[in-house]
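Trainee: sequence and predicted model, in that order:
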Amino acid sequence: MAENEPALALIEFSSIATGVEAADAMVKKAPITRIVAGTVQPGKYLVLIAGHVADVQESLDAGRQVGSDCLLDVVFLPGVHPAVVSAVAGDRVLGEGEALGVVETQHVSSTIQAADAGIKGAQVTLREIRLADGLGGKAFCLFQGPVSDVEAAVEIGVGALADEQQLVRQVVISQLHPDMVANIERSTYFAPLAGRERDML
């Protein structure tokens, strides 16, 4: 992997104060392209950075060192797939195919790891990545495509997890019912589907 290729990293901290301190150390350490840092449920702090591989690695190392006693999970993706970048930013994609795959993990970083590995390893669409808020700190990603490819993406994604204890559940659903397709295409949040958009505010 060339040092000037794009990379993404995310650190998940159990302490907000430590997360702020680590984020400051990270952005001071190397000339990263982007940093996004803030709180998520339930009282965790995420720091996401992007940039050239070598710079992101150096910045990540600084964050690990400063926040080592409050570190929950971490992911480092040199050559991150563009679909993962878009999904982390909140983009949702309408996929095609007869199967839907879900990988659900305890922490945000692990789902991002699984999503990147799955989309690189199989011919699937990464429909969505949901992160922490509204999930009690958990996260999940959705793959769609032919059954065999979705099965492969889920297995590859789960196999990429640094800690198998992070996995909550993996499923592959073939022939998803049209009513479920419509629900997922509209939203994976319950409130707007039930006409309770105010609960999302």
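Mentor: Looks like it came in fine. Numbers count the residues shown, from 1 in each chain.
Trainee: and the protein, what are its domains?
Mentor: According to automatic domain parsing, the chain comprises the domains 6-78, 82-187.
Trainee: what about stretch 75-94, distance to the chain center?
Mentor: Centre-to-centre, stretch 75-94 and its host chain are 8 Å apart (CA atoms, centre = their mean, to the nearest Å).
Trainee: flag every buried residue along that stretch.
Mentor: Val75, Phe76, Leu77, Pro78, Val80, His81, Ala83, Val84, Val85, Ala87, Val88, Arg92 (16 or more other CB atoms under 10 Å). Bear in mind the C-beta positions are built from the backbone N, C-alpha and C, glycine included.
Trainee: what ranges do the helices span in the protein?
Mentor: Assigned by DSSP state H, the helices in the chain fall at 16-29, 53-66, 82-88, 108-121, 147-159, 178-186, 190-193.
Trainee: quick check: which of the ones you listed is nearest to Lys138?
Mentor: helix 108-121 (8.2 Å; CB to CB).
Trainee: so what secondary structure elements neighbour the closest one?
Mentor: Secondary-structure packing of helix 108-121 (3 or more CB pairs under 8 Å, 6 or more residues apart in numbering; DSSP states H and E): strand 6-13, strand 71-78, helix 82-88, strand 99-105, strand 125-131, strand 139-145, helix 147-159.
Trainee: between strand 139-145 and the longest one, find me the angle.
Mentor: For the pair helix 147-159 and strand 139-145, the angle between their directions (axes from the mean of the first three to the mean of the last three CA atoms, to 10 degrees) equals 150 degrees.
Trainee: returning to what we had before: can I get the helices and strands packed on helix 108-121 in TSV including distance to Ser174 and mean pLDDT?
Mentor: Below are those laid out as TSV (distance: least, CB to CB, whole Å; pLDDT from 0 to 100):
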stretch	distance to Ser174	mean pLDDT
strand 6-13	31	96
strand 71-78	29	96
helix 82-88	22	95
strand 99-105	5	97
strand 125-131	15	96
strand 139-145	11	97
helix 147-159	5	98
